[in-house]
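Peer 1: Fold the following and give me the result.
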Amino acid sequence: MRIAIGSDHAGLPLKKELVEFLQEGGHQVDDVGTTGSESVDYPDFGAAVGRAVSAGDSELGVAVCGTGIGISIAANKVDGVRAAVVHDVTSARLAKQHNDANVVCMGARLVGPEVAREALHAFLDAKWEAGRHGRRVDKITALEHDQQGGS
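Peer 2: Model (predicted):
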């Protein structure tokens, strides 16, 4: 599977761990940055991961910042992206099964490397269940085209 991954400076050490984990699993990894420890802006990297997924250049995305929150907000601004912040195996699995998430986000200050690898493994292994969740994801998708927010 081809996976885009990006982080800001706070997420860089965890991102490096996850790149290695993905490569060991046989995945093709497209690292969209950052590559250095100097302070950078997480929206740039969340958007880069989101754009890679939205454009079809990558099947899934992984984004890491200090909390996972900011980078997920940025990724979610890209049409077609459903980015979910996860903290453990259960949240990662359910993000895919119930929300058809295509970008998983983690906080390097909140999730250690071992839990992050386990959560990413669960995310990659999970399958979208559709069914009753389908109409909910359809409503989320409709919001991308409805600046009023709809009801």
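
Peer 1: So which bits of the lowest-mean-pLDDT helix or strand in the chain are buried?
Peer 2: Within the chain, no helix or strand scores below helix 132-143, which has a mean of 92 by mean pLDDT, DSSP states H and E. With burial defined by 16 or more other CB atoms under 10 Å, the residues of helix 132-143 counted as buried are residue 137. (Glycine included, C-beta is placed from N, CA and C.)

Peer 1: What is that helix packed up against?
Peer 2: The criterion is 3 or more CB pairs under 8 Å, 6 or more residues apart in numbering; DSSP states H and E, and the helices and strands that helix 132-143 contacts are helix 89-99.

Peer 1: Which residues outside the helix or strand that contains residue 15 are in contact with it?
Peer 2: Residue 15 is part of helix 12-24, with elements assigned from DSSP states H and E. Helix 12-24 is contacted by residues 3, 5-7, 29, 31, 34-37, 62, 64, 106, 108, 111, 113, 116-117, 120-121 when judged by CB atoms under 8 Å, 6 or more residues apart in numbering.

Peer 1: In strands only, show me those.
Peer 2: 3, 5-7, 29, 31, 62, 64, 106 (DSSP state E).

Peer 1: do you know how far residue 46 is from residue 77?
Peer 2: Separation of residue 46 from residue 77 (CB to CB, to the nearest Å): 8 Å.

Peer 1: The two: which is more packed in?
Peer 2: Neighbours were counted for residue 46 and for residue 77 using other CB atoms under 10 Å; residue 46 has more, 32 against 13.

Peer 1: Can I take it that that one is in a strand?
Peer 2: No. Assessed with DSSP: H, G, I helix; E, B strand; the rest coil, residue 46 is helix; it does not lie in a strand.

Peer 1: so what pLDDT did it get?
Peer 2: On pLDDT, residue 46 comes in at 98.

Peer 1: Nearest spatial neighbour of it, chain-adjacent residues omitted?
Peer 2: In this structure, residue 46 finds its nearest non-sequential neighbour in residue 74, 3.1 Å apart by CB to CB, 6 or more residues apart in numbering.
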